[in-house]
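Got a predicted structure here, sequence first:
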Amino acid sequence: MPSRAFPLSEHVKISLNRGHKFNTDLVMEKETLNAWIMYHEVQRLDRLGFSKNKISTFLKANWRTISKYLNMSEEEYEFFLLKTEKAKILNPYKNFILSRLQEFPDTSSAQMFDWLKEHHQNLPEVSEKTVYNFVMDVRHKHGIPIVKPFREYFPIEELPYGQQAQVDLGQYNMLSHGGSRKKVYFFAMVLSRSRMKFVWFLDKSFTAKNMCIAHEMAFEYFCGIPQTIVYDQDCTLIVDENIGDIILTQEFRAYTKSRNFHRHFCRKADPESKGKIENVIGYVKKNFLYNRRYFDLETLNKQALDWLERTGNKNIHNLTRKRPSDEILNERLHLQPYTPLTIETNDKMPYVVRKNNVINYKSNFYSLPEGTYQGRSTQVMVKEKQDRFIEIFSSKDDLICSHSLSSEKGKMIINTNHRRDKSEGITQMMETVSQYFTDKEKAILYFKKIQENMPRYIRDHLQVIKRAVKEIPVNVVDSVLNFCMKNANYNGHDFENVLIVFSSTNVPVNAPLKIKLLDGGSLDKANETPQVSDINEYYNILTENLF
């Protein structure tokens with residue numbers, strides 16, 4: 001807004017005389033009057049055909065302000081001024097704000113708002129935006145710019161070969177099938193001199209154990225180990241800063257003892273200290289991951305290695321003007337020799353078995369075979385395998401079962417086999433169920449027929465029959481067996497249904513069926529020819545109703 005006052009145009013004079021929906025108290029103030037003059041001058045020059053840039057130059061106003069005024073009606077502009085006027089409610093606190101800004105120029109408007117509430121109990125209710133606008137106005141009128149922290153940087157020489165590598169973690173939301181998104185996490189390491197890069201992806205957050213595995217994969221890829229590795233102060237590796245005496249997690253501390261390299265942890269929120277790896281993280285996101293579709297983790301890691309060979313380590317580096325794939329030949333001569341180190345991945349964790357024979361693992365419920373629960377102290381050991389399955393072991397390290405790992409939350413994953421009683425074998429189970437029949441050999445023969453038809457579900461059919469024949473007289477059970485064998489009903493549910501019918505009606509199985517023959521009158525009716533109607537009769541009925 002220009003500070004000079006413009007002469008009133010004829011349109012403004014007419015509007016003021018007519019009281020054109022203006023707040024008279026607002027118009028009497030000089031600043032508001034000048035604002036209205038500016039608005040109408042913008043509108044007048046626009047009607048004369050001047051462009052926005054010409055109007056901006058003539059009125060010495062920003063072209064965005066000119067564009068905003070041209071898109072406002074008078075009513076909208078009046079509402080805009082009224083809203084702006086609300087900021088003047090903070091005028092009584094102007095000296096307080098000014099003194100604080102002069103003493104602490106880097107104070108934010110949010111912190112100033114808190115100071116106002118702290119030191120002025122009678123502060124009227126205003127929004128953060130109102131405080132921000134008022135603070136910015138005070139800064140503008142008194143020439144107090146926003147002071148941002150400044151840090152001097154000096155160019156440094158390239159480090160010697162083999163001296164340093166930098167490590168960081170990244171994450172990215174990839175496109176997946178069906179338009180959904182899949183979040184992936186990746187580990188990146190770069191050798192500071194040659195700029196040789198390595199990347200490894202996971203579909204879950206990195207743990208200290210995963211970080212150790214990733215280091216080994218990177219050392220194998222580089223064919224050597226650098227003298228020092230630079231890290232961010234990440235909670236995956238660090239328990240506490242301890243005023244400079246870094247305390248590492250147990251897994252990472254044990255790993256570093258077996259590897260002869262120094263560790264350097266830079267300050268938090270200080271990307272400048274490890275700019276090389278920060279550039280690698282951005283390079284992976286923008287060049288490799290951008291618009292790439294996710295199929296599975298194995299495919300993604302294969303694609304990443306191909307990308308490193310093809311582009312990531314093959315292209316000429318913008319700063320060194322050399323190819324990392326060529327420079328690594330020199331750097332390998334200065335790296336510490338790499339010998340493979342086996343990292344124990346026995347990540348079995350104890351989980352409590354609930355009384356309904358399930359465990360709660362990562363916000364999902366996974367079933368266990370019936371009988372696993374033996375009381376409140378029952379526990380099993382769970383281990384993830386290839387990030388796709390979980391294996392569940394007993395306390396004696398015997399494999400109980402396995403499940404596909406669900407990526408969803410709140411799901412009940414049930415293996416139907418777990419509902420079956422597996423305490424005895426199929427042959428023994430046939431022997432047990434046959435005890436309910438008089439002719440045990442015939443019953444076993446019937447069971448084997450069921451097994452021939454549905455071998456995968458024979459245990460279920462035997463359980464159905466066993467449950468059905470309990471507390472049923474043996475003569476009825478034998479009758480149902482004879483009926484099912486005679487009619488080839490080799491199914492446990494069919495056996496159960498027939499048993500229900502026979503138990504309720506007491507119908508003997510071998511009773512002859514009573515067939516009622518047709519008498520003479522019925523035979524005459526059977527030979528009668530049905531009367532046939534003429535289609536024209538229906539046509540006449542329809543046409544009479546329509547017309």
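That came through, no problem.

count of residues packed around residue 221?
Residues within reach of residue 221, counting by other C-beta atoms under 10 Å, total 19. In this view, the C-beta of every residue, glycine as well, is placed from N, C-alpha and C.

Tell me where the protein has strands.
Counting by DSSP state E, the chain has strands at residues 164-175, 181-191, 197-202, 228-231, 238-240, 247-248, 262-265, 349-352, 358-361, 364-367, 379-385, 389-393, 399-404, 412-413.

Name the residues that touch stretch 453-469?
Stretch 453-469 is contacted by residues 420-422, 426, 429-430, 432-433, 436-437, 447, 450-451, 477, 490-493, 495-496, 499 when judged by C-beta atoms under 8 Å, 6 or more residues apart in numbering.

lowest average confidence, helix or strand, in the protein?
Between all helices and strands in the chain, the lowest mean by mean pLDDT, DSSP states H and E belongs to helix 24-27, at a mean of 38.

remind me which residues of the stretch 401-547 of the chain are low pLDDT?
Judged by pLDDT under 70, the stretch 401-547 of the chain has its weakly predicted residues at 416-424, 505-526, 543-547.

Would you map out the domains in this structure?
By the assignment in automatic domain parsing, the chain contains the domains 10-71, 87-142, 164-331, 349-419, 440-505.

a markdown table for those, including distance to residue 341?
Below are the domains of the chain laid out as a markdown table (distance: least, C-beta to C-beta, whole Å):
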| stretch | distance to residue 341 |
| --- | --- |
| domain 10-71 | 61 |
| domain 87-142 | 49 |
| domain 164-331 | 6 |
| domain 349-419 | 21 |
| domain 440-505 | 45 |
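
that older thread, the contacts of stretch 453-469 in helices, which ones?
426, 429-430, 432-433, 447, 450-451, 477, 492-493, 495-496, 499 (DSSP state H).

now the residues you listed in TSV, with distance to residue 65 and neighbour count?
As requested, the ones in helices among the contacts of stretch 453-469 are exported to TSV (distance: C-beta to C-beta, whole Å; neighbours: other C-beta atoms under 10 Å):
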residue	distance to residue 65	neighbour count
426	86	15
429	87	19
430	91	21
432	91	12
433	90	22
447	91	23
450	87	23
451	87	18
477	95	22
492	84	23
493	81	13
495	88	23
496	85	16
499	90	21
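
can you redo those as CSV with distance to residue 160?
Conversion of the ones in helices among the contacts of stretch 453-469 to CSV gives the following (distance: C-beta to C-beta, whole Å):
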residue, distance to residue 160
426, 71
429, 74
430, 78
432, 78
433, 80
447, 79
450, 78
451, 74
477, 89
492, 78
493, 79
495, 83
496, 82
499, 87
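
closest to residue 52 among the residues you listed?
Distance ranking of the ones in helices among the contacts of stretch 453-469 against residue 52, using C-beta to C-beta, places residue 493 first at 82.0 Å.

If you tally nearby residues, what's the number for the closest residue to the closest one other than its chain neighbours?
On the basis of C-beta to C-beta, 6 or more residues apart in numbering, the spatially nearest residue to residue 493 that is not a chain neighbour turns out to be residue 464, at 6.1 Å. By the criterion of other C-beta under 10 Å, residue 464 has 18 neighbours.

now the one 10 residues further on
In terms of burial, residue 474 registers 11 neighbours under the definition other C-beta under 10 Å.

so what's it closest to, chain neighbours aside?
Using C-beta to C-beta, 6+ apart, the closest residue to residue 474 is residue 438 (6.0 Å).

Quick check: that neighbour touching residue 482?
No: using C-beta atoms under 8 Å as the test, residue 438 is too far from residue 482 to be in contact (10.5 Å).

who's more crowded, those two?
residue 482 (15 against 11).

so how far is residue 489 from the more buried one?
Using C-beta to C-beta, to the nearest Å, one obtains 11 Å as the distance from residue 482 to residue 489.

do residue 180 as well
As judged by C-beta to C-beta, residue 180 and residue 489 stand 48 Å apart.

show me the residues around the closest residue to residue 177 other than its chain neighbours that make contact.
If the residues on either side of it in the chain are set aside, residue 177 comes closest to residue 293, at 7.4 Å by C-beta to C-beta, 6+ apart. Applying C-beta under 8 Å, 6+ apart, we find residue 293 in contact with 174-177.

now do 10 Å
174-177, 182, 299-300 (C-beta atoms under 10 Å, 6 or more residues apart in numbering).

Kindly report the same for residue 166.
Residue 166 neighbours (C-beta under 10 Å, 6+ apart): 188-192, 226, 228-232, 264, 266, 273-280.

what pairs with it across the strands?
With DSSP bridges as the criterion, the beta-bridge partners of residue 166 are residue 190, residue 230.
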